[in-house]
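[1] Dropping the sequence and predicted coords here.
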Amino acid sequence: MEGKVGLGLRRDIAEEILDSRILTPDFLEFAPENWMGMGGAWKRVMDRAVESFPITCHGLSLSLGSPEELDWQFIRELKSFLDENRVTIFSEHLSYTKSRNAHLYDLLPIPFRRDAIDHVVDRIRRVQDLLERPLAIENVSYYTPVAAEMTEAEFVNEIVERADCKLLLDVNNVYVNAFNHRYDAKEFIGALPLERVAYIHMAGHEQVEPDLIIDTHGQPIIDPVYDLFEWTIQKMDPVPVLLERDFNFEDLEQIQGELTQIKGILNRHWEVTHASA
Amino acid sequence: MHLRKETISIQERLGEYCRTGVKLELPGVTPGRIHHYRRLISNVVNDTLHTAFPITVAALGEHQWELLVQDFFADGIPQTPQVWKLPFEFYQYHAGRETGKRIGKPFLDDLLYFEWMEIEIHTMPDRPFPDFVTEGELFNDRLVFNPEHEIIQLSFPVHTHPVREAIELEGEHYALLYRMPESGHVQFLNLSALNIYIITRLQEEKVTLNEIKNEIARVAGIESGRYLDEALQKFLGDLMERKLILGFTRN
C-alpha cells in the first residue's frame, strides 16, 4: 500500500469506481459507520469493492475525546467489520462527536489540555487493545480552539507518542488550521513525529470568510495544499495517500486528475528513494 | 476519569450549544467562529432527515418540518453512531411524544414509520434464503416466501393515498414491504387483514394451502369451495409474480 493513491468510497460514485470507467484509485476507504450492518444492494456494492481493492477504514464516531464512556458494543461490531473486510489501516479523528451521550455527527475540537491528553491516551490504548490493531489518529481541522492550555502540535505529539499509535496526517487540515489560526504549516508539520505517519489524507476546502476556511471535502485541492504535500512527503517514508471527496461528483475527470496529480508528486519523490535504496 | 470537571463542562457546553443554539460563553475561543459548528452539525442532521422523509416534508410543509427537526435535535439525544439510522430515532421521538396529535397531523406517526420502513427494508442485513424449486403445486406444496419482508400496521392508509385523503380513512390498514431479490429495490403491497392472516399462517406454521383452506374460509366467513380456491389462486399467484413468493418446497 505504500505510495498508493486511494479514494473514499461514496455511494454516489461507487458503481463508477467498481466499473473502472473514469476513476481508477489504487485502494478504497470506507467510513465504517456508513456501511456496517447493511445488507441488500449496498452490501453487494461493498462486497465487490472488498474483492476488487485493498481497503482502509476511516471512523467517524468513536468520539475519542468525549467525557462519556466509549461505546464498547459499537467497537466490538467495528472490530468484526474490520476483520471481515480485511481492512489494512483503521483511522479515527482526534476530536469528539458525542456530548452528554448525544451523537452530534461532526467533529468538535478537544480542548488542548493536559487532562484531555491523559484521557484520550487512555482511550486510544483501550480501543487499540480491543481492535487488536493500531489506530491512526487524524489531526482534525478546527475553526476555533477551545480553552487551550498548549499548542495543537504539543497536544497531538504527546497523544501519539504516549498512546503509541499511528498518525494520519491530513495535509489539507494542516493548511486549513494554519490559515485559520495564523501559524506556519511547515513548522507545524516539522514538529510532528513523522515516523509515526501511517497514512495521509488530501482534500479540498472552501474559504467562507476572509479569515476562515471550512474543511468541506467538496472542492478540488488547491495548489498551496499540493505544495505543502510535496514538501511533506520528502521528509517521510512512503505511506498510502487518500483523496477525500464527499460531494460535488459532477466532474469525475477532474477528480481522476487529482488522483493522477497526487500520484505524480509521489512518484517524483518516493520512487526515486526506492530506486536508490 | 482523567478529565477535570472544568474540561468536561466546557466540552458539554459546546455540545449543548450545537444542539440547542442557546448562546454560551466559552473560554479561549476565537470570536465569531463557534456558530460554524452548529451550522455544520445542523446541516448533517437536516440533510439526513430531509432525504429520509420526503413525503412527510411535503405533507407538513418546510416550516413545520423544521420545527420538528429542531425539537428532536435539541431534546432527542441521538443514540446511534450511524447517522443513516437517525431517521428511526426521529420517528421514535415524535411517536413517543404524540407530536402528530399535538400539531393536528394525526397521520404523522404512520407516515414517518412507513418512510422509515422503506429505508429499513432496503438496508437491513441480508436474511438467509431457504431452498426452493420454481415448479410445484400451489395448494399441495408448501410455499417459500422471500424472507426479506416486514408487515406493518397503520391507522391511516398513507401508503396508498395522499395524506389529505388518508386522514379520512382511519382504521386498520396493512402494508407488506419487501426487498426484490436481484435488484434490492423495495416494493410494497397494500393488504387486507385476511391477506395478512393467510401469509402469516403459511409462513409461520409451515403448512400447505390445502391444510388451512377451511380455516381461511371460517376466518373470512365464506364457504370453502371454488370461489375461495379461485381467490386464493389469484392472490398467491400474484405474490409469486411479484417475487414475494419465491417457489415451493416439499421439505
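    Done, it's in.

[2] Would you map the strands across the chain?
    Chain wasn't specified; assuming chain A. A:5-8, A:27-30, A:55-58, A:87-93, A:96-99, A:102-108, A:135-138, A:166-170, A:197-203, A:206-209, A:212-214, A:241-244 (DSSP state E).

[3] actually it's chain B I care about, not the one you picked
    Assigned by DSSP E, the strands in chain B fall at B:142-145, B:149-154, B:173-179, B:186-191, B:245-249.

[4] Between these, which one is closest to residue B:13.
    If you check each of the strands of chain B against residue B:13 by C-beta to C-beta, strand B:149-154 wins as the nearest, at 40.9 Å. Yep, even glycine has a C-beta here, placed from its N, CA and C like the rest.

[5] picking up where we left off before, output the strands of chain B as JSON lines; include the columns mean pLDDT, distance to residue B:42 and mean neighbour count.
    Output for these, formatted as JSON lines (pLDDT from 0 to 100; distance: least, C-beta to C-beta, whole Å; neighbours: other C-beta atoms under 10 Å in any protein chain shown):
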{"stretch": "strand B:142-145", "mean pLDDT": "96", "distance to residue B:42": "43", "mean neighbour count": "20"}
{"stretch": "strand B:149-154", "mean pLDDT": "97", "distance to residue B:42": "30", "mean neighbour count": "17"}
{"stretch": "strand B:173-179", "mean pLDDT": "98", "distance to residue B:42": "30", "mean neighbour count": "22"}
{"stretch": "strand B:186-191", "mean pLDDT": "97", "distance to residue B:42": "29", "mean neighbour count": "18"}
{"stretch": "strand B:245-249", "mean pLDDT": "95", "distance to residue B:42": "44", "mean neighbour count": "18"}
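
[6] For those strands, give me JSON lines that also has distance to chain A.
    Converted to JSON lines, the strands of chain B look like this (distance: least, C-beta to the nearest C-beta, whole Å):
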{"stretch": "strand B:142-145", "distance to chain A": "17"}
{"stretch": "strand B:149-154", "distance to chain A": "12"}
{"stretch": "strand B:173-179", "distance to chain A": "6"}
{"stretch": "strand B:186-191", "distance to chain A": "9"}
{"stretch": "strand B:245-249", "distance to chain A": "16"}
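
[7] Point out the one among these that comes closest to residue B:93.
    Closest to residue B:93 of these, according to C-beta to C-beta: strand B:149-154, at 18.6 Å.

[8] Give me the sheet partners of the closest one and which way each runs.
    strand B:173-179 (antiparallel) (DSSP bridges).

[9] Run the chain-centre distance for the strand it pairs with.
    Put simply, strand B:173-179 sits 9 Å off its chain's centre (C-alpha atoms, centre = their mean, to the nearest Å).

[10] low-scoring stretches of the chain, by residue?
    I'll assume chain A. A:272-277 (pLDDT under 70).

[11] Not quite, go with chain B.
    By pLDDT under 70, the weakly predicted segments of chain B are B:251.

[12] returning to that earlier point: out of the strands of chain A, which is closest to chain B?
    Comparing those against chain B with C-beta to the nearest C-beta, the closest turns out to be strand A:96-99 (2.3 Å).

[13] Who are the packing partners of the closest one?
    With contacts taken as 3 or more C-beta pairs under 8 Å, 6 or more residues apart in numbering or on different chains; DSSP states H and E, strand A:96-99 sits against strand A:102-108, helix B:5-20.

[14] Any part of the longest helix seen in chain A near chain B?
    Criterion DSSP state H: the longest helix present in chain A is helix A:114-131. Yes. Contact of helix A:114-131 with chain B (C-beta under 8 Å from any C-beta of the partner chain) involves A:115-116, A:118-119, A:122.

[15] Can you turn the buried part of those residues into a PyMOL selection?
    Entered in PyMOL, the line below selects the buried ones among these, by 16 or more other C-beta atoms under 10 Å in any protein chain shown:
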select buried, chain A and resi 115+116+118+119
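
[16] now, which of the residues of helix A:114-131 next to chain B sits nearest residue B:77?
    Among those, and counting by C-beta to C-beta, the member closest to residue B:77 is residue A:119, at 22.0 Å.

[17] Quick one: neighbours of the closest residue to the closest one other than its chain neighbours, just the number.
    Among residues not flanking residue A:119 along the chain, residue B:2 sits closest, at 4.2 Å (C-beta to C-beta, 6 or more residues apart in numbering or on different chains). For residue B:2, the tally of surrounding residues (other C-beta atoms under 10 Å in any protein chain shown) stands at 15.

[18] now the helices: where do they sit in the chain?
    Picked chain A for this. Using DSSP H, helices in chain A cover A:14-18, A:40-52, A:72-84, A:114-131, A:152-163, A:171-181, A:185-191, A:223-233, A:252-266, A:272-276.

[19] sorry, should have said chain B
    B:5-20, B:35-52, B:54-60, B:62-75, B:86-96, B:99-102, B:108-123, B:163-166, B:193-204, B:209-220, B:226-241.
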